[in-house]
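Visitor: Task: produce atomic coordinates for the following.
(one chain, ligands or ions: 2)
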Amino acid sequence: MERKNAWKGYDEQKMAQVDALAKEYMQFLDASKTERECVDAIVNEIEAAGYRELSVLKKEGGKLSVGDKVYEVLMNKSIVLFQLGSKPMVEGMNILGAHIDSPRLDVKQNPLYEDSDFALLDTHYYGGVKKYQWVTLPLAIHGVVVKKDGTTVEVNVGENEDDPVFFISDLLIHLAGEQMEKKAAKVIEGEALDIIVGSKPLAGEEKDAVKAGILKLLSESYDIEEEDFLSAELEVVPAGKTREAGFDRSMILGYGQDDRVCAYTSLKAMLEIGQTERTACCILVDKEEIGSVGATGMQSRFFENTVAELLDLCGEYSELNLRRCLAASNMLSSDVSAAFDPSYASAFEKKNAAFFGRGMVFNKFTGARGKSGSNDANAEYMAHIRSIMDGAEVVYQTAELGKVDVGGGGTIAYILALYGMNVIDCGVAVLSMHAPWEATSKADIYETKCGYKAFLEKACL
Ligand code: MN
Ligand code: MN
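Guide: Ligands and ions are numbered 1, 2, ... in the order given. Coordinates of the predicted model:
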């Protein structure tokens, strides 16, 4: 039952393909540190590949037919892609789904204050973070400020070499006796995650002169005033580029690989397939890290509405056809899996753990305790998936998220399963998941992309 290490089966040509994909993926990560940036990067890539916007087509009164490629974006944060198959939609689609939001620190709505000659921005963390990991790192600010007149100002500071960066301080070890006695969850409290953004008083100002200096700079650079923070979405993320890791350059260290590694490999698979029998679909959504809530999360009707519009443009729409199409679909809920970490071996059960280099990971179920909150795929579906993966010579492994009763987690799988379709969790194994810098294996990324492609082409349950 031991799974093989993918690297062992690679010849020089395969190695080159693995490296080429890794390189493109690293560029994608650097360009896509927020869900909005992800959507922008994806739209650019798919428009170049012949995808057209569904809502625009609808306005133009266009019709769709076999082989057409369309997409729809929701609120600049979620996107869904379709490539029409030769079979009617009502026979079901093959769907890849991943999320493009990642844990980070969001700037509060009333964030800017001055204390002891520092100007600081108050933040509220987003998603599951170990707060102590976010101090004393170079940080960047990405996002948008929308002004009352509706204009959007894009902000991206801290990524270029000559940009300034920001940081959160931590208490020096010499004075940290009391702090070091605290539990890890309390060592750095949520309200201590304020980022330092300045320390130079504005000449001629008496009160809060450092803050005044920052506001002057914001006004000059972005034409925004303090009240505009009220309608801003500014995300504080680790500053700097994704890097290759290891002497052998076999790994990738980068921010936001949960779940952009599955989003990118899904996107690549969509772009690599030829004409398929079933309609191929790829959903890349926001808000997974906080429970898939909100209009741009998977629980929103956005996806269902878009499929209805698509059926309409294909001349196939009826309420019954919509339900039949969704119920007959197959889905891979693509999210990262916990990689076995030899430094924390006791959290894993080795026979059912995901290892770096052993390929795409399938999780029959996720959840916590007695599989609570899990999708738990059917054996029939898992058998079908095994046959597809073996047929395409994809290196894959199966895993659980850690030992029974140690913890747990969930994905978007259960939400699509509500339609009665086949869904299984799968993805790429990540080391240090949810940390500012997460690690993945290049081989796993490559195998996962190949697995997604084989699924889109072959799944027919
Ligand atoms: Mn995830
Ligand atoms: Mn996550």
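Visitor: alpha carbons only for contacts and neighbour counts from here, please
Guide: OK.
Visitor: for ligand 1, what are the nearby residues on the stretch 351-461 of the chain?
Guide: Neighbours of ligand 1 within the stretch 351-461 of the chain, by Cα under 5 Å from the ion: none found.
Visitor: Hmm, I typed the wrong one, I wanted the stretch 151-300 of the chain.
Guide: By Cα under 5 Å from the ion, the residues of the stretch 151-300 of the chain that approach ligand 1 are 258-259.
Visitor: Spell out the residue ranges of the strands in the stretch 151-300 of the chain.
Guide: 152-157, 195-198, 232-238, 243-245, 251-254, 279-285 (DSSP state E, counting those that start in this stretch).
Visitor: Run me through the strand neighbours of the shortest one, direction for each.
Guide: Based on DSSP bridges, the strands next to strand 243-245 in the sheet, each with its direction, are strand 251-254 (antiparallel).
Visitor: who are the neighbours of the host helix or strand of Leu456, in terms of helices and strands?
Guide: For Leu456, the enclosing helix or strand under DSSP states H and E is helix 442-458. In terms of contacts (3 or more Cα pairs under 8 Å, 6 or more residues apart in numbering; DSSP states H and E), helix 442-458 is packed against helix 12-31, strand 93-99, helix 257-272, strand 360-363, helix 379-391.
Visitor: how about a cut-off of 7 Å?
Guide: On a contact count with 3 or more Cα pairs under 7 Å, 6 or more residues apart in numbering; DSSP states H and E, helix 442-458 meets helix 12-31, helix 257-272, strand 360-363, helix 379-391.
Visitor: Just name the most buried of the strands of the stretch 151-300 of the chain.
Guide: Highest mean neighbour count of those: strand 279-285, a mean of 27 (counted as mean count of other Cα atoms under 10 Å).
Visitor: partners of that one in the sheet?
Guide: Next to strand 279-285 in the sheet, as set by DSSP bridges, lie strand 78-83 (antiparallel), strand 93-99 (parallel).
Visitor: quick one: the shortest one to helix 257-272, angle?
Guide: Orientation of strand 78-83 against helix 257-272 (axes from the mean of the first three to the mean of the last three Cα atoms, to 10 degrees) gives an angle of 30 degrees.
Visitor: Extract the CA atoms of strand 78-83 and return them as PDB.
Guide: This file holds the C-alpha atoms of strand 78-83, laid out as PDB (Å, rounded to 0.1, in the frame of the first residue of the first chain):
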ATOM      1  CA  SER A  78     -14.900  34.700  -7.400                       C
ATOM      2  CA  ILE A  79     -14.800  33.300 -10.900                       C
ATOM      3  CA  VAL A  80     -16.300  30.300 -12.700                       C
ATOM      4  CA  LEU A  81     -15.100  28.900 -16.100                       C
ATOM      5  CA  PHE A  82     -16.900  26.600 -18.500                       C
ATOM      6  CA  GLN A  83     -15.800  24.800 -21.600                       C
END
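Visitor: got a list of contacts for it?
Guide: 39, 67-73, 279-286, 296 (Cα atoms under 7 Å, 6 or more residues apart in numbering).
Visitor: Check the offset of that strand from the chain's centre.
Guide: Averaging C-alpha coordinates over strand 78-83 and over its chain gives two centres that are 15 Å apart (Cα atoms, centre = their mean, to the nearest Å).
Visitor: and what of the last one?
Guide: Using Cα atoms, centre = their mean, we find the averaged C-alpha position of strand 93-99 to lie 13 Å away from the chain's own average C-alpha position.
Visitor: cool, stretch 79-93 as well?
Guide: Put simply, stretch 79-93 sits 23 Å off its chain's centre (Cα atoms, centre = their mean).
Visitor: same deal with stretch 346-358?
Guide: Computed by Cα atoms, centre = their mean, the chain-centroid distance of stretch 346-358 equals 22 Å.
Visitor: what's the closest of the strands paired with strand 279-285 to Leu234?
Guide: If you check each of the strands paired with strand 279-285 against Leu234 by Cα to Cα, strand 78-83 wins as the nearest, at 17.3 Å.
Visitor: I'd like the mean pLDDT over the closest one, please.
Guide: Within the predicted structure, the mean pLDDT of strand 78-83 is 98.
Visitor: And for stretch 366-375?
Guide: Averaged across stretch 366-375, pLDDT comes to 88.
Visitor: residue ranges for the helices of the stretch 101-250 of the chain, please.
Guide: Assignment of helices within the stretch 101-250 of the chain using DSSP state H, counting those that start in this stretch yields the ranges 177-180, 184-187, 209-222.
Visitor: Out of those helices, which one sits most buried?
Guide: helix 209-222 (a mean of 17).
Visitor: ok, residues contacting it?
Guide: Contact with helix 209-222 is made by 113-114, 117-119, 153, 198-202, 224-226, as judged by Cα under 7 Å, 6+ apart.
Visitor: By neighbours, which of the residues you listed wins?
Guide: The member of the contacts of helix 209-222 that has the most neighbours, counting by other Cα atoms under 10 Å, is Ala119 with 24 neighbours.
Visitor: Could you list the low-confidence segments of the stretch 351-461 of the chain?
Guide: Within the stretch 351-461 of the chain, no stretch falls below the threshold (pLDDT under 70).
Visitor: Name the residue of it that lies nearest to ligand 1.
Guide: Scanning the stretch 351-461 of the chain for the residue nearest ligand 1 gives Thr411, at 6.5 Å (criterion: Cα to the ion).
Visitor: Report the helix or strand with the lowest average pLDDT across the protein.
Guide: One helix or strand of the chain scores below all others by mean pLDDT, DSSP states H and E: strand 408-409, with a mean of 85.
Visitor: name the helices or strands packed onto that strand?
Guide: Applying 3+ Cα pairs under 7 Å, 6+ apart, we find strand 408-409 packed against strand 367-368.
Visitor: ok, Val90 touching Cys325?
Guide: Yes. With the criterion set as Cα atoms under 7 Å, Val90 and Cys325 qualify as a contacting pair; they are 4.1 Å apart.
Visitor: would you turn the helices of the stretch 101-250 of the chain into JSON lines with mean pLDDT?
Guide: Shown next, in JSON lines, are these (pLDDT from 0 to 100):
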{"stretch": "helix 177-180", "mean pLDDT": "97"}
{"stretch": "helix 184-187", "mean pLDDT": "96"}
{"stretch": "helix 209-222", "mean pLDDT": "98"}
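Visitor: Dump those helices into TSV; add distance to Glu60 as well.
Guide: Conversion of those to TSV gives the following (distance: least, Cα to Cα, whole Å):
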stretch	distance to Glu60
helix 177-180	63
helix 184-187	54
helix 209-222	36
